[in-house]
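Colleague: okay, here's the prediction I keep looking at, along with the sequence it came from:
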Amino acid sequence: ARVRAKEQLLVEARHSRTRLVFSWPSPPNEPPRRGLVLGSQLRRVQDSHYNRTFAAAVRKALFRLDGASPALVLHVGAGVGTQAVVAAAARPQIADFVVACERSATMIDVAQRAARDNSVGERISFVQKDCRNLKAHEDLPRKADVLLLECLDTSLLSEGILHYLQHLRGPFTKPNATIIPAAAVVKGMLVELRSGEVHGVDMTMSDAYRWHKEVQPARLKEDDFVQLSEVFDMFVFDFNEAVVEQQVEHLEVIISRDGIVSAVVFWFDLILDEEIVISTSPFVPEPQQLEMGQGVVYLQPAETRVKRGATVPLLAAHNGTDFAFTLEEEKLTRKGADCQLLAHTRFDPRWEGARANLEDQWKKILQSIGSNPKECKQMQEVVMRYAAQPAVFGIDIGVSERCAMTFLSD
């Protein structure tokens, strides 16, 4: 609700045994909403450094084009439309046009309102589709001069950026089209992440349980971990050429101090153009830190005690969507006293069996729901509520958002 200085507002507060709720006794006169926006999208809107640098790259790309004719911008993963509005408003005298592609109907509602509120609604066409279902001459009047992709997350690839690029480059873009971002470099380091002593209580036993098969998003500060190696490059992606393919790197990482290797922390430098670079590194100054944070992968088969100067054999791989990191145990055992696996392994094979069984049951549930459009719609509304307010329902934020993304219709 819009408010004026010194205006008094009546807010109603109530609670039950388990919940505290604040509300307006008389709701503001707002148009009805289709649903609630994912928390990750709202956090991105509030990431001033991310939005400022992306906007600068978009404007720069447009002002480099011929000013005699309008440009076409294809915006993939448009979210709530911030950068679509930036692109449409960059050259008001030329009337550039934006096709903004977004899978979520809720976010398109928000983006359309943002476009109208910023007086560029007639310059943006919002398309609710997976961009791989776009149709030339139907969804796009012609090939794009600028391809802008915001399908990014902590792991860089998990939102499908390589898949989308491989599909869109050429059929939907001009030969000399500008792609934003232009490239990315994935970097990492080996770290010690252990509980140790907590207010005088020895909690080292809990470290054996600090494990997860998937990449864990984190926002690390320098006092959250012990850095055991220098930062090293792992993968480079040129988005003008990159395709979906498996890539494997066998790395020998030099240890810079004694300690226990628990995990790989990785992040990426995102090269928007030849001058503008942003990073999810934990070492950048706080005003330049991005809301996406870093990824943490706990290494199998176990933590490893290492000495300064030793080299740790690390296998880094990706399949175009997911990253995987693991210690090469056979090579590690030949390192002698400089690298010693600890006795407690992180992973019990029974967990994988339980996970596979749960995944199989989940697929059957999805297939059953998908066959009934009415039930599918109801489920979409429920999971979007959970994703918007996970704490209220006692649900992990990451779990609730992944569940919601599963039900977003193309």
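Modeller: Looks like it came in fine.

Colleague: phi first, then psi, for residue 114.
Modeller: Residue 114 adopts backbone torsions of phi -60, psi -40, taken as degrees, to the nearest 10.

Colleague: same thing with residue 399?
Modeller: Residue 399 adopts backbone torsions of phi -60, psi -40, taken as degrees, to the nearest 10.

Colleague: show me the contacts for it.
Modeller: Contact analysis of residue 399 by C-beta atoms under 8 Å, 6 or more residues apart in numbering lists residue 390. To be clear about C-beta, it is placed using only N, CA and C from the backbone, and glycine gets the same treatment.

Colleague: report the central residue of this protein.
Modeller: Note on the chain: the residue nearest the mean C-alpha position is residue 153, at 1.3 Å, using C-alpha atoms, centre = their mean.

Colleague: OK, contacts around the closest residue to residue 318 other than its chain neighbours?
Modeller: Nearest residue to residue 318, sequence neighbours excluded (C-beta to C-beta, 6 or more residues apart in numbering): residue 247, at 5.6 Å. Shown in contact with residue 247 (C-beta under 8 Å, 6+ apart): 235, 317-318.

Colleague: out of those residues, which sit inside strands?
Modeller: Among the contacts of residue 247, the members falling in strands (DSSP state E) are 235, 317-318.

Colleague: tell me the buried residues within the residues you listed.
Modeller: 235, 317-318 (16 or more other C-beta atoms under 10 Å).

Colleague: tally of neighbours for the closest residue to the residue nearest to the centre of the chain other than its chain neighbours?
Modeller: With sequence-adjacent residues excluded and distances taken as C-beta to C-beta, 6+ apart, residue 153 is closest to residue 159, at 5.0 Å. A count of nearby residues for residue 159, using other C-beta atoms under 10 Å, gives 19.

Colleague: pretty sure residue 159 contacts residue 77?
Modeller: Yes: between residue 159 and residue 77 there is a contact under C-beta atoms under 8 Å: 6.8 Å.

Colleague: for stretch 359-374, the averaged confidence score.
Modeller: Averaged over stretch 359-374, pLDDT sits at 75.

Colleague: please apply the same query to stretch 43-59.
Modeller: 95.

Colleague: so what touches it?
Modeller: By C-beta under 8 Å, 6+ apart, stretch 43-59 touches 73, 79-80, 82-83, 86-87, 90, 146, 148, 150, 180-181, 272-273, 276, 278, 287-291.

Colleague: can you list the buried residues in it?
Modeller: By neighbour count with 16+ other C-beta under 10 Å, stretch 43-59 contains the buried residues 44-45, 47, 49-50, 53-55, 57-58.

Colleague: before we move on, the earlier item: need the ones in strands among the contacts of residue 247 in a markdown table with distance to residue 356 and pLDDT, can you?
Modeller: A markdown table is the format used below for the ones in strands among the contacts of residue 247 (distance: C-beta to C-beta, whole Å; pLDDT from 0 to 100):
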| residue | distance to residue 356 | pLDDT |
| --- | --- | --- |
| 235 | 28 | 98 |
| 317 | 21 | 97 |
| 318 | 22 | 97 |
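
Colleague: between residue 159 and residue 77, what contacts are shared?
Modeller: 151-152.

Colleague: returning to that earlier point: residue 340: which of the ones in strands among the contacts of residue 247 is nearest?
Modeller: Residue 340 has its nearest neighbour among those in residue 317, at 24.7 Å by C-beta to C-beta.

Colleague: ok, residue 154 touching residue 292?
Modeller: Yes: using C-beta under 8 Å, residue 154 makes contact with residue 292 at a distance of 5.1 Å.

Colleague: what is in contact with the two at once?
Modeller: 217, 280.

Colleague: so which residues of the stretch 1-150 of the chain form helices?
Modeller: Per DSSP state H, counting those that start in this stretch, the stretch 1-150 of the chain carries helices over the ranges 39-45, 48-63, 82-89, 105-117.

Colleague: what's the burial count for residue 212?
Modeller: Neighbour tally, residue 212, other C-beta under 10 Å: 11.

Colleague: apart from its neighbours in sequence, what residue is nearest it?
Modeller: Nearest one to residue 212, counting by C-beta to C-beta, 6+ apart, is residue 298 at 6.3 Å.

Colleague: that neighbour bridge partners, please.
Modeller: Assessed by DSSP bridges, residue 298 has beta-bridge partners residue 263.

Colleague: okay then, goodbye and thanks.
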